[in-house]
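Fold the following.
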Amino acid sequence: MESPFSLPAVLHPALTGRDAVVDALYRCVMAFDTNDAALFDSSFMQDGVFDVNGRAMEGLPEIHATGLALIFRVDTTHMATNVRVHMRTATEEHEASLTATVLSQHFAKGKGMEPGQANLMAGSLYRAELARDTDGLWKFKHLQIKSTWAEGDWSVVVEDFNEVEK
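Take a look at the predicted model:
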């Protein structure tokens, strides 16, 4: 579902270089926060791997059924910072690596504005391998997320990805 808070995947004027690579991360986390599956898909290769704390999901169908089913069950805000990009070659910029630090806040769906609601805040490290797709957008081939700390109530989110079924 598209959100009024999501811009189109392809921006005008077109982004270039490192900015275009970082935009894959921004599209991904904005999709988390706005429940925008189409925007999320614009950040991942069809056969991409999404690895969250050691639980790897391969290909967009599995990522949707497991990962996005979990993420879209809660209201979130993700703030990405300390983003670093390494372009594979200086002459042909078709592959890149990215690292970032991400702070994420989670509330039960529709409960974030209600006083005293349970919530979970987490700090995570992101590590990604990306490639430029045929549509010109940079997309994740592999996105690894490692949570390094969490504070709050884990019951806000499902801890075991295997509990989430489509």
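
C-alpha from now on. contacts and neighbour counts both.
OK.

Can you name the helix or strand that residue 47 falls in?
strand 44-52 (DSSP states H and E).

and the end-to-end length of stretch 63-70?
Start and end residues of stretch 63-70 are separated by 10 Å (C-alpha to C-alpha, to the nearest Å).

buried residues in that stretch?
Going by neighbour count (16 or more other C-alpha atoms under 10 Å), the buried part of stretch 63-70 is 63-64, 66-70.

so what does the strand holding residue 47 touch, helix or strand wise?
Contact partners of strand 44-52 among helices and strands, from 3 or more C-alpha pairs under 8 Å, 6 or more residues apart in numbering; DSSP states H and E: strand 55-58, helix 60-62, strand 138-152.

can you rerun that using 10 Å?
With contacts taken as 3 or more C-alpha pairs under 10 Å, 6 or more residues apart in numbering; DSSP states H and E, strand 44-52 sits against helix 17-34, strand 55-58, helix 60-62, strand 119-132, strand 138-152.

after the third one comes which helix or strand?
Secondary structure here is assigned by DSSP H and E; on that basis, the next helix or strand after helix 60-62 toward the C-terminus is helix 69-71.

Show me what the helix or strand that that following helix is followed by packs onto, helices and strands only.
Toward the C-terminus, helix 69-71 is succeeded by strand 74-87 as the next helix or strand (DSSP H and E). The helices and strands touching strand 74-87, judged by 3+ C-alpha pairs under 10 Å, 6+ apart, are helix 17-34, strand 95-108, strand 119-132.

As a markdown table, these with mean neighbour count and distance to residue 89 would be great.
Compiled in a markdown table, the helices and strands packed on strand 74-87 are given as follows (neighbours: other C-alpha atoms under 10 Å; distance: least, C-alpha to C-alpha, whole Å):
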| stretch | mean neighbour count | distance to residue 89 |
| --- | --- | --- |
| helix 17-34 | 21 | 12 |
| strand 95-108 | 20 | 8 |
| strand 119-132 | 19 | 12 |
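
for the protein, where's the lowest mean pLDDT among helices and strands?
In the chain, the helix or strand scored least confidently by mean pLDDT, DSSP states H and E is helix 69-71, which has a mean of 90.

That helix: how far from the chain's middle?
Remark: helix 69-71 is offset 11 Å from the chain centroid, using C-alpha atoms, centre = their mean, to the nearest Å.
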